[in-house]
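Student: Here is my input, please return the structure:
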Amino acid sequence: MKVRKLILTVIAAAAALMLIGCQELTMRLQSPSKPIHAKIKEISAFSRNAMALTESGELYSWGANSLGEIGNGKGGYQENEAHSWLCEPIPVKVLEGVKYAKAGEMSSCMITENGDLYVCGLLPLEESDREKKKPYKIMGKVKHATSLLLILMAVTEDGDLYAWGGTIYGCLSQYSGEEGGLIYQRKIMSGVQSVAVGTNHALALMENGDLYAWGWNDMGQIGNGSTSNESEALYPPVKIMSDIRDIGSDCNTSLAITTGGDLYMWGDTFWGQVGSGKSGYLGENGEESVFDVYETRPVKVLSGVRCASTGSTHTVAVTENGDLYMWGANIYGQFGNGKRERQLYKTPVRIMSGVKSAAAGFDFTIVLMEDGKVYTCGGNDCGQLGNGKHGDGDCLSILDWEIETRPVLIFDGRE
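Tutor: Alright, predicted model coming up:
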């Protein structure tokens, strides 16, 4: 809590004291400098990392590269006084023949057209074989996967969910680990369609549309109406919702989209990222206040949603008609409206149209247009915007972060 207060004090000093007069903003797109010639079909973001998958199956990756999570054979720390992260500020091609990719903090994963699962970065393997700076094959016949920190979860083509990782994390703490507190390819459940992982919790979307959640619940991220870590209902996984077609999570926030297109969110909403109208950063009259605010049960936020993604400070969603909505914090310029703002957007705000999908990282946003172009905006301390620029990679030097408040064209949408 003391660390959060310290960071918030620095952020507040750096953010502009701008007020918002309406609930519709305009994303001001910048003219391209040297975009990459590629038509993108899918994007992914988490923390300070990003990935983009082309129509032809080529995977590009960029951003923080402290443990090789970019997958280009590099990674580590800079030899300087700040002892800061290495980064890749320009998208690099890391693998071909890919059909799915998920950026993650300290590790990333990808699935090839033939169902092989590859992971790069910090892996939950034997200690002598743990850090992989290039894509490393884990197993075959996989249809979905996600990785974060020292956690890896994969869903096989038969619907079996397997997990690797440290039992210190809430989503794996109910399982006994091997020496070193790790589990290796432990079967968790069957009948699974996809999986999402937060820092200490996990969500599983079943093939019949049911949503299950388990792990730590100190911020209501499980969605069962409590904030207790002691509840027996968390072990084994507990059913939260039905008729779901997509799921997602960040550190302590969860989301689900129903088969009818309704977006529900729950968990940590300190920055207003749940979209329920609540937050813990600013009081109703604009005075600074620091306290935790949670939504312990799913809250309906938006209808007619095609896809959604939540980051640590903000959330993005794209409707079926191509409208992009955002809510949460804009202190890093992640809304792309040319401003850094201290006031929070606690409910969805329409940003622009003509969007296919969008992804939210810790402090930045990626937008995929319907014509295959990709724009990025927001924080850029580790090169996560992919425009060739970056800060010193020191995540505590908030005042010195590289920032782009207007979206920059990264991929030009050309074949």
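Student: Next secondary structure element downstream of the longest strand along the chain?
Tutor: Ordering each strand of the chain by length in residues (DSSP state E) puts strand 341-352 first. Per DSSP states H and E, the first helix or strand lying C-terminal to strand 341-352 is strand 355-360.
Student: What mean pLDDT does that next one get?
Tutor: On average, the pLDDT along strand 355-360 is 98.
Student: Pairing partners for the next helix or strand after that strand, with directions?
Tutor: Elements were assigned by DSSP H and E; along the chain past strand 355-360, the next helix or strand is strand 364-369. Neighbouring strands of strand 364-369 in its sheet, by DSSP bridges, are strand 355-360 (antiparallel), strand 373-379 (antiparallel).
Student: Any chance of those strands in CSV with mean neighbour count and distance to residue 186 as columns?
Tutor: From N, CA and C alone the C-beta is placed, and that goes for glycine too. What follows is the strands paired with strand 364-369, written out as CSV (neighbours: other C-beta atoms under 10 Å; distance: least, C-beta to C-beta, whole Å):
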stretch, mean neighbour count, distance to residue 186
strand 355-360, 25, 29
strand 373-379, 27, 36
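Student: I'd like to know which of the ones you listed is closest to residue 274.
Tutor: Each of the strands paired with strand 364-369 has some distance to residue 274 by C-beta to C-beta; the shortest is strand 355-360, at 12.9 Å.
Student: tell me the contacts of the most centrally placed residue in the chain?
Tutor: Residue closest to the average C-alpha location in the chain (C-alpha atoms, centre = their mean): residue 46, at 3.3 Å. Residues near residue 46 by C-beta atoms under 8 Å, 6 or more residues apart in numbering: 102-105, 148, 250, 311, 361-362.
Student: if we go to 7 Å?
Tutor: The contact partners of residue 46, taken as C-beta atoms under 7 Å, 6 or more residues apart in numbering, are 103-105, 361.
Student: what's the answer for residue 310, then?
Tutor: If you count contacts by C-beta under 7 Å, 6+ apart, then residue 310 has 248, 250, 253, 255, 273, 360 around it.
Student: bridging residues for it?
Tutor: residue 315.
Student: Look up how far residue 221 lies from it.
Tutor: Counting by C-beta to C-beta, to the nearest Å, the gap from residue 310 to residue 221 is 11 Å.
Student: so what's in contact with those two at the same time?
Tutor: Common neighbours of residue 310 and residue 221 (C-beta under 7 Å, 6+ apart) are residue 253.
Student: Give me the distance between residue 308 and residue 196.
Tutor: 12 Å.
Student: meant to ask about residue 137, not that
Tutor: 23 Å.
Student: Which one's more surrounded, the two?
Tutor: Each of residue 137 and residue 196 has its neighbours counted (other C-beta atoms under 10 Å); residue 196 has more, 24 against 11.
Student: Go ahead and report the secondary structure state at residue 61.
Tutor: Going by DSSP: H, G, I helix; E, B strand; the rest coil, the secondary structure assigned to residue 61 is strand.
Student: Just the pLDDT at it, thanks.
Tutor: At residue 61, pLDDT is 98.
Student: gap between it and residue 108?
Tutor: From residue 61 over to residue 108 (counting by C-beta to C-beta), the distance is 7 Å.
Student: Give me the common contacts of those two.
Tutor: Residues touching both residue 61 and residue 108 (C-beta under 7 Å, 6+ apart) are 51, 71.
Student: Shouldn't residue 185 be within a strand?
Tutor: Yes: applying three-state DSSP, one finds residue 185 inside a strand.
Student: can you pull the contacts of residue 52?
Tutor: Neighbour list for residue 52: 40, 43, 60, 91, 374, 411 [criterion: C-beta under 7 Å, 6+ apart].
Student: run the last query once more with 10 Å
Tutor: The contact partners of residue 52, by C-beta atoms under 10 Å, 6 or more residues apart in numbering, come to 36, 38, 40-45, 58-62, 91, 101, 103, 359, 366, 368, 374, 376, 386, 410-411.
Student: Bridged to residue 51, which residues?
Tutor: Bridge pairing for residue 51 - DSSP bridges - gives residue 44, residue 61.
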